[in-house]
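Peer 1: How does the following fold in three dimensions:
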Amino acid sequence: MRVADRARRASTRLSLKNWSTALPLAVFCIYVLSPAVNSGDARMTYPTAVSVYQSLDLKIQDFPSVLEIAPAYDTTTLDDEIFMAYPWPTALFLVPSAAFADVFFGVDPASISLSDPNQTWPYEVFTAAVLMAVAARLFLLAVQHLGRRAQFISAVGLTFGSVWWSAASRGMSQHAAAAPFVVLMLVLVVRARVCTRHLEWLGAVVALAFVMRPTMAFAVVVCSLWILLRHSRIFLRYVGAGLCVAIPFLLINLASFGTVLPGYYRSGPLAQGDVFSGLAGILLSPSRGLLITSPIVIIALAGLLHLRRERMFDDGDIVLITIVLLNLFVVASWPNWWGGSTFGPRLLSETMPIIFFYVAEGVQYLSRGDKRQHYWNVSTQLLLPLLLCWAVFVNSQGAALRSTLCWNAAPTFIDDYPERLWNWSDPQFLRGINDVKAGVPVTEVIAGSCSK
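Peer 2: Next up, the predicted model:
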């Protein structure tokens, strides 16, 4: 009965009016204008995109800028041909902007520097901002059955109070490429409570999330089992939709690399590190901890407890929570759980939409306004804005100040001295403020070079 009540509540479409346009527009504009960029692992997406539209292949050895730095950690060589080592489908999103710049502005792709300085970031950040804006709009569909306050806090928390802003959108990352598909997965699972129409397309959605971000393999497995056990009548259509993505992906891999899955998709981080120390790090580290950079996520627990108590917790919730827990385990078990030179818990980017969906449920519950709980209601009215403001403040540092990214290299490189992740006297999100206090020019703090 309680599940049915939740389903009826979900079926009531809330008019979002201008909010559905204002949020994606704000996300796009602010993400594009945020000065701290971090191309890093994504720098080979540009030459790969150019190769796709010019030669219809993935080879990048014809670019002088690639030859200058290859072999490198982000390239792989096969029969004297060079390819991007990271998932190549992410580069497809750069094809329109790279082709537009080439055809209409005469930008010579061969002249684009990949390192010292990197010149691909304008294409990357613009494209990433578009993808994240689309994902933000889709997230509103997932929470549209809730009140405006729950929508606002969860949506702003996701887009400006999480690593979506401070890390995932700072280049054409796997996280930015996967974001729309992860959120669309969330929408389809949530809507399945009242209507399974279009649910078969979940097969294509999770397949696309996987090809963009291989750690989403767990989502493929969990969603497939859910469809088989709970919605078996559409299972074949679900598989067919997934094959529409998988078959072209596998054939291109076979033609380009001689194998159905390139090395990055086959490399697994499981059980290589101390899971407990990794879990402590991604939750509590002053420079990478989720509860430090986005403490508002704790409200998700209130949402889950409320759903359980009111008997509105269903199999769709089990699917979503299982995906989050598996992702947490994978990241925690990886020796490099901090994600290298980045900001905050970047490797948890794919869990953010799901977590903030339950933040929305928690806000809805805490904002009910029960007069019998006056003091509790007053405290939550103060707590929620404070948690949201702190999350936005912390992540704004990563998005707006280059100094916070330079923190990874100074005074020592973070991968060589990971103990710095626990230094409470020099947390990453305060590096820019501390630099200003130390007399570093504001222009250098915002957009300076880390090599200086």
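Peer 1: Quick one: low-confidence residue ranges for the stretch 251-400 of the chain.
Peer 2: 267-272, 369-379 (pLDDT under 70).
Peer 1: rerun at 50
Peer 2: 371-372 (pLDDT under 50).
Peer 1: count of residues packed around Ala136?
Peer 2: 27 (other CB atoms under 10 Å). Where C-beta positions appear, they are placed from N, C-alpha and C, glycine not excepted.
Peer 1: these two touch, right, it and Leu158?
Peer 2: Yes: assessed by CB atoms under 8 Å, Ala136 is found in contact with Leu158 at 7.3 Å.
Peer 1: Secondary structure class of the closest residue to Asn408 other than its chain neighbours, three-state.
Peer 2: Distance criterion CB to CB, 6 or more residues apart in numbering; nearest residue to Asn408, sequence neighbours excluded, is Ser341 at 4.0 Å. Secondary structure state of Ser341, per DSSP: H, G, I helix; E, B strand; the rest coil, is coil.
Peer 1: Thought Ser39 was touching Ser341, still the case?
Peer 2: No: contact between Ser341 and Ser39 fails when scored by CB under 8 Å: they sit 10.9 Å apart.
Peer 1: so what's Gly344 up against?
Peer 2: 163, 166-167, 287-288, 290, 293-294, 394-395, 398, 428-429 (CB atoms under 8 Å, 6 or more residues apart in numbering).
Peer 1: Would you mind identifying the next helix or strand past the helix or strand hosting Glu124?
Peer 2: Take DSSP states H and E as the rule and Glu124 turns out to sit in helix 121-142. Next helix or strand after helix 121-142 toward the C-terminus (DSSP H and E): helix 148-160.
Peer 1: if we can go back for a sec, now rank the contacts of Gly344 by neighbours and give me the top one.
Peer 2: That'd be Ser166 among the contacts of Gly344, by other CB under 10 Å, with 33 neighbours.
Peer 1: how far does stretch 421-431 stretch from start to finish?
Peer 2: 13 Å (CA to CA, to the nearest Å).
Peer 1: Now name the helix or strand holding Met352.
Peer 2: Met352 belongs to helix 352-366, assigned by DSSP H and E.
Peer 1: so who does Asn336 touch?
Peer 2: By CB under 8 Å, 6+ apart, the neighbours of Asn336 are Gly273, Asp415.
Peer 1: what about it, distance to Thr342?
Peer 2: Separation of Asn336 from Thr342 (CB to CB, to the nearest Å): 11 Å.
Peer 1: before we move on, the earlier item: buried set for the helix holding Glu124?
Peer 2: Within helix 121-142, the residues that count as buried by 16 or more other CB atoms under 10 Å are 121, 123-125, 127-142.
Peer 1: do stretch 153-163 as well
Peer 2: Ile153, Ser154, Ala155, Val156, Gly157, Leu158, Thr159, Phe160, Gly161, Ser162, Val163.
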